[in-house]
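> Provide a 3D model corresponding to the input given below.
(one chain, ligands or ions: 1)
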Amino acid sequence: MTKPHPDAAQLEADDAQYVMRPWTHPPGEPVIVARAKGCTIWDVHGKEYLDLTAGYFVNNAGHCHPRIAEAASRQLNEVLQVSGKHGTIPAIRLAKRLIELAPKSLHKAFFSTGGSEANEFALKLARQYTKKADVAYLENGYHGLSLGSLEVTASEKYRESAGKPLGKDNFAIPTAYCYRCKFGPAATCTVQCLDGVEAKLDAHKTAAIIAEPIQAVGGLAPPQKWWDRLDRIRKERGILLIADEIQTGLGRTGKMFACEHYGLEPEIMTGGKGLSGGVGSLGLTSASDEVARNFFGGTTPTSGGNAVSAAGGLAMIEVLLEEKLIENAANMGRYFTEAAWALKDPWIGDVRFTGLLGGIELVSDRESRAVLGKAEVSKVKDHLHASGMLITLSGMHGNVLRLQPPLSVTSAQLDTFLAQLRKTLDAVRAGKA
Ligand SMILES: Cc1ncc(COP(=O)(O)O)c(C=O)c1O
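Numbering: from 1, shown residues only. Just a heads-up that it's a prediction; the model follows:
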């Protein structure tokens, strides 16, 4: 607990009156954050939270890292924003650094202002290069909520929110949800879930497949053979791969980019979230030389590649590397997995982490894997929240506790969370929450 802000009540009232929010899950949300440092945030009432959302998976180096703040404030006195026809020192340096670190199939970077926009430019670029219009996306895939990126986001709830039905040119292909595989145990897997995918791709004029290497919604990491098969199928047809690394990138999965886990070499890769180090917002659409030659994006978005954001992003990348936060993500993911299983809780059906991407899937029965009811899942989240644990819910069935703290998180902080989770699960089960 720190000192409450003198205007706390007024700020909350003004938020309710003036701010239009895409989604919140009351009670307890929205949290009006007054201060943040490392893995901790404090709201306007002075209440402290352990932030297992990293500010929606942005602050990979921790909130308000001094080196990021310093780099951004130095840039504030140099140059802020120039026309997209021109360049700035940090934006050029960030482009170079990202291409050095990205899969070697990528050679050029285009900056926009956020993840959805980065994907829209990726879709446009794939069409420009292939002269084809259709794009395949994975079931359960999330690529943003603006109208173009919604075309390749799977969730019906989000798609319906657009009012008019979306186009039929883009289409879904199966994802790899191995915990709930319809085809039997892992030992018998021959990637049957991809049977028939060739026919689907061939029935369209398919320009590209857009996919996260590891699906962030529910933390679904396909087996190597799944990616090998899909990658072979799409290469045989000259279909581009757009790897969406908006959430998986920048160390989150224990590698700089999640493509590295599978040896993927996409022709187009997108990024966002932590790309600015949390200073403003940046989107990245990167491409191979050959694909990039066909790019026409105009000079918008006006604020793409803002110099202060680029300086923040560059500083974050250096912090991730120098403070070995990517290795820490890999180690803490393993620690979290073992410690969560060690709770031996009857509602913990699966624990899935790749680095610090993933979470815990809650079930009412471990044998049948029946999804834990919505009411109980909400109570778990609310009880955690009231106890100072900031998390989000995720997954195809909304029953995954998505636990993605800054990559600087310590085992002691994860222990604090798990001790609270144990109490919370017991309390909800006993009807005391
Ligand atoms: C994988 C993925 N793609 C795209 C987006 C959209 O990014 P933004 O919200 O910055 O538009 C997100 C955001 O959560 C994401 O996780």
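> do the helix or strand bottoming out on mean pLDDT in the chain and the ligand meet?
Confidence across the helices and strands of the chain bottoms out at helix 156-160, with a mean of 90, counting by mean pLDDT, DSSP states H and E. No - judged by CB under 6 Å from any ligand atom, helix 156-160 makes no contact with the ligand; its nearest approach is 11.2 Å. Backbone N, C-alpha and C define where each C-beta goes, glycine included.
> check which helices and strands that helix sits against.
Contacts defined by 3 or more CB pairs under 8 Å, 6 or more residues apart in numbering; DSSP states H and E place helix 156-160 against no helix or strand at all.
> roughly how far does Y129 sit from the ligand?
Using CB to the nearest ligand atom, to the nearest Å, we find Y129 at a distance of 21 Å from the ligand.
> surely that residue meets D289?
No - between Y129 and D289 there is no contact under CB atoms under 8 Å: 11.5 Å.
> who's more crowded, the two?
Using other CB atoms under 10 Å as the criterion, Y129 and D289 rank with Y129 on top: 21 against 10.
> quick one: pLDDT of the more buried one?
Y129 carries a pLDDT score of 97 in this model.
> can you map out the strands along the stretch 1-150 of the chain?
Secondary structure of the stretch 1-150 of the chain (DSSP state E, counting those that start in this stretch): strands at 33-37, 40-43, 48-51, 108-112, 134-138.
> the stretch 151-300 of the chain now?
Using DSSP E, counting those that start in this stretch, the strands found in the stretch 151-300 of the chain span residues 171-173, 206-211, 240-244, 268-271, 283-287.
> reformat these as TSV; add distance to D14.
Shown next, in TSV, are the strands of the stretch 151-300 of the chain (distance: least, CB to CB, whole Å):
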stretch	distance to D14
strand 171-173	41
strand 206-211	39
strand 240-244	35
strand 268-271	34
strand 283-287	30
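> could you dump those strands into JSON lines and include mean neighbour count?
What follows is the strands of the stretch 151-300 of the chain, written out as JSON lines (neighbours: other CB atoms under 10 Å):
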{"stretch": "strand 171-173", "mean neighbour count": "17"}
{"stretch": "strand 206-211", "mean neighbour count": "26"}
{"stretch": "strand 240-244", "mean neighbour count": "28"}
{"stretch": "strand 268-271", "mean neighbour count": "29"}
{"stretch": "strand 283-287", "mean neighbour count": "28"}
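> how many neighbouring residues does Q17 have?
7.
> around the ligand, pick out the residues from the stretch 151-300 of the chain.
E212, A216, D244, I246, Q247, G272.
> show me what contacts the fourth one?
It stands for I246. Under the criterion of CB atoms under 8 Å, 6 or more residues apart in numbering, the neighbours of I246 are G115, A118, N119, H143, G144, E212, T270, G271, G272, K273, G283.
> just the closest of the residues you listed to the ligand, please.
The closest of these to the ligand turns out to be G115 (CB to the nearest ligand atom; 2.2 Å).
> state the distance from the closest residue to that closest one other than its chain neighbours to I173.
Leaving aside its sequence neighbours, G115 sits nearest to G272 (CB to CB, 6 or more residues apart in numbering; 3.2 Å). Between G272 and I173 the distance is 23 Å, computed by CB to CB, to the nearest Å.
> Y129 too?
For Y129, the distance to I173 - CB to CB - is 21 Å.
> helices along the stretch 151-300 of the chain, start to end?
Secondary structure of the stretch 151-300 of the chain (DSSP state H, counting those that start in this stretch): helices at 156-160, 197-202, 224-236, 259-262, 289-292.
> tell me what the third one is packed against?
This means helix 224-236. Helix 224-236 packs on helix 197-202, strand 240-244, helix 259-262, going by 3+ CB pairs under 8 Å, 6+ apart.
> show me how the record splits this protein into domains.
8-61+324-429, 67-322 (automatic domain parsing).
> and the shortest one, end to end?
Terminal residues of domain 8-61+324-429 are spaced 34 Å apart (CA to CA, to the nearest Å).
> averaged pLDDT, that domain. What do you get?
Average pLDDT, domain 8-61+324-429: 96.
> that domain close to the ligand?
No - no part of domain 8-61+324-429 sits near the ligand under the criterion CB under 6 Å from any ligand atom; the closest distance found is 6.7 Å.
> centre of the chain to that domain, how far?
A distance of 15 Å separates the C-alpha centroid of domain 8-61+324-429 from that of its chain, computed with CA atoms, centre = their mean, to the nearest Å.
> and for the longest one?
Centroid displacement of domain 67-322 relative to its chain, using CA atoms, centre = their mean, is 10 Å.
> now the terminal residues of that domain, how far apart.
11 Å.
> now do the residue nearest the centre of the chain against G219, distance only.
Nearest residue to the geometric centre of the chain (CA atoms, centre = their mean): Q247, 2.5 Å. Applying CB to CB, the value for Q247 to G219 is 10 Å.
> residues that sit against both of those two, list them.
L357.
> with mean pLDDT added, can I get the helices and strands packed on helix 224-236 in TSV?
Formatted as TSV, these follow (pLDDT from 0 to 100):
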stretch	mean pLDDT
helix 197-202	98
strand 240-244	98
helix 259-262	98
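> could I get the ones you listed as TSV with distance to S411?
Shown next, in TSV, are the helices and strands packed on helix 224-236 (distance: least, CB to CB, whole Å):
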stretch	distance to S411
helix 197-202	41
strand 240-244	30
helix 259-262	23
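> so which of the ones you listed comes closest to A13?
Of all those, it is strand 240-244 that lies closest to A13, at 38.0 Å by CB to CB.
> can you list the strands that the closest one pairs with?
Under the criterion DSSP bridges, strand 240-244 sits next to strand 206-211 (parallel), strand 268-271 (parallel) in its sheet.
> and the angle for it with helix 224-236?
Interaxial angle of strand 240-244 relative to helix 224-236 (axes from the mean of the first three to the mean of the last three CA atoms, to 10 degrees): 140 degrees.
> need the CA coordinates for strand 240-244. CSV is fine.
C-alpha atoms of strand 240-244 as CSV (Å, rounded to 0.1, in the frame of the first residue of the first chain):
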residue,chain,number,x,y,z
LEU,A,240,3.5,-16.7,-48.0
LEU,A,241,3.8,-17.1,-44.2
ILE,A,242,3.0,-14.1,-42.1
ALA,A,243,4.3,-14.8,-38.6
ASP,A,244,2.5,-12.6,-36.1
